[in-house]
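In: any chance you can model this:
(one chain, ligands or ions: 1)
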Amino acid sequence: MVTPLDVLAIAAHPDDIEQTCGGTVLKMAEMGYRAGALDLTAGDMGTRGTPEQRLAEAEEAARILRIDWRNNLRFPDARLENTIGARMTLAQTIREVKPRVVILPYWEGRHPDHYRTAELGYEACFLAGLKKLDEYTEPHRPFKILYSSVYANVTPSFVVDITSQFDRRMEALLAYRSQYESSSQGAELFPPQQEIRERLGAVARFYGNLIGVRYGEPFVVKETMRVDDVVSLGVRSF
Ligand SMILES: [Zn+2]
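Out: Residues are numbered from 1 along each chain as shown. So this is what the prediction gives:
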């Protein structure tokens, strides 16, 4: 039995979480919440390194981000499909770890694995709440689904200040040494570390700027956000 998670980030590939919502996951862990990461594929189609290397690197990244629980479902990379089998496996995992909040990739994007993960994740969260899904696990439907929108050109519903977590998130990303260490193999596809730092820094800076902080991570939610105290709202108007 796994102790229930407060927040679970679900992503298509190892290192997606580190690129998109790792600062938020780390921030929640620092606040005392139990954080989890679930990668659907091991990146078997990747140009560099082996799936086994990536799984080991994902463990190291999880340690850096203070993630309590991480798993990889080993679904087929680059041809991820929203099948009943995939949905059931994911729903059962959700029932086992019982997250209150689930973070998914945004539902539109360039990479099919990413938007399929959004759809698969949403449907699995629904299935996980059905009493009669199976006899072995208890029903559990996450209370909230957040969509990490960093690579979608949409206005976020909110941005999390990750100024204090940014360096550690970068460290976690660079723990994927098979992907990001400079080497001649695939050099034109994989920019050196300085380039990655600048690119991710610029993106995080852009979203941070929307809420008046240095670095931020954007999210979209489908429901309206509730506010109780309009006097303490945080982002200054002009
Ligand atoms: Zn990815």
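In: can you give me the strands in the chain?
Out: 7-11, 35-41, 69-75, 101-105, 144-148, 158-161, 216-220 (DSSP state E).
In: and of those, who's closest to the ion?
Out: Counting by CB to the ion, the ion lies closest to strand 7-11 out of the strands of the chain; the figure is 6.6 Å. For the C-beta atoms, the positions are set from N, CA and C on the backbone; glycine is no exception.
In: the closest one vs strand 35-41, what angle?
Out: 20 degrees (axes from the mean of the first three to the mean of the last three CA atoms, to 10 degrees).
In: quick one, strand 7-11 and strand 101-105 angle?
Out: Between strand 7-11 and strand 101-105, the angle comes out at 20 degrees (the same axes, to 10 degrees).
In: note down every partner strand of strand 7-11 and its orientation.
Out: strand 35-41 (parallel), strand 101-105 (parallel) (DSSP bridges).
In: can I get those strands in a markdown table with mean neighbour count?
Out: Output for these, formatted as a markdown table (neighbours: other CB atoms under 10 Å):
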| stretch | mean neighbour count |
| --- | --- |
| strand 35-41 | 26 |
| strand 101-105 | 25 |
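In: columns distance to the ion on top of those, output as CSV?
Out: Listed next are these as CSV, based on distance: least, CB to the ion, whole Å:
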stretch, distance to the ion
strand 35-41, 9
strand 101-105, 8
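In: now these in a markdown table, with distance to Phe219 and mean pLDDT?
Out: Below are the strands paired with strand 7-11 laid out as a markdown table (distance: least, CB to CB, whole Å; pLDDT from 0 to 100):
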| stretch | distance to Phe219 | mean pLDDT |
| --- | --- | --- |
| strand 35-41 | 15 | 97 |
| strand 101-105 | 8 | 98 |
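In: among these, which is nearest Thr137?
Out: strand 35-41 (15.5 Å; CB to CB).
In: list the buried residues of the lowest-mean-pLDDT helix or strand in the chain.
Out: In the chain, no helix or strand scores lower on mean pLDDT, DSSP states H and E than helix 177-180, which sits at a mean of 88. Buried residues in helix 177-180, defined by neighbour count with 16 or more other CB atoms under 10 Å: 178-180.
In: wait, what's in contact with the residue nearest the centre of the chain?
Out: With distances taken as CA atoms, centre = their mean, Ile17 lies nearest the centre of the chain, 3.5 Å away. For Ile17, the contacting residues are 9, 11, 25, 37, 39, 65, 103, by CB atoms under 8 Å, 6 or more residues apart in numbering.
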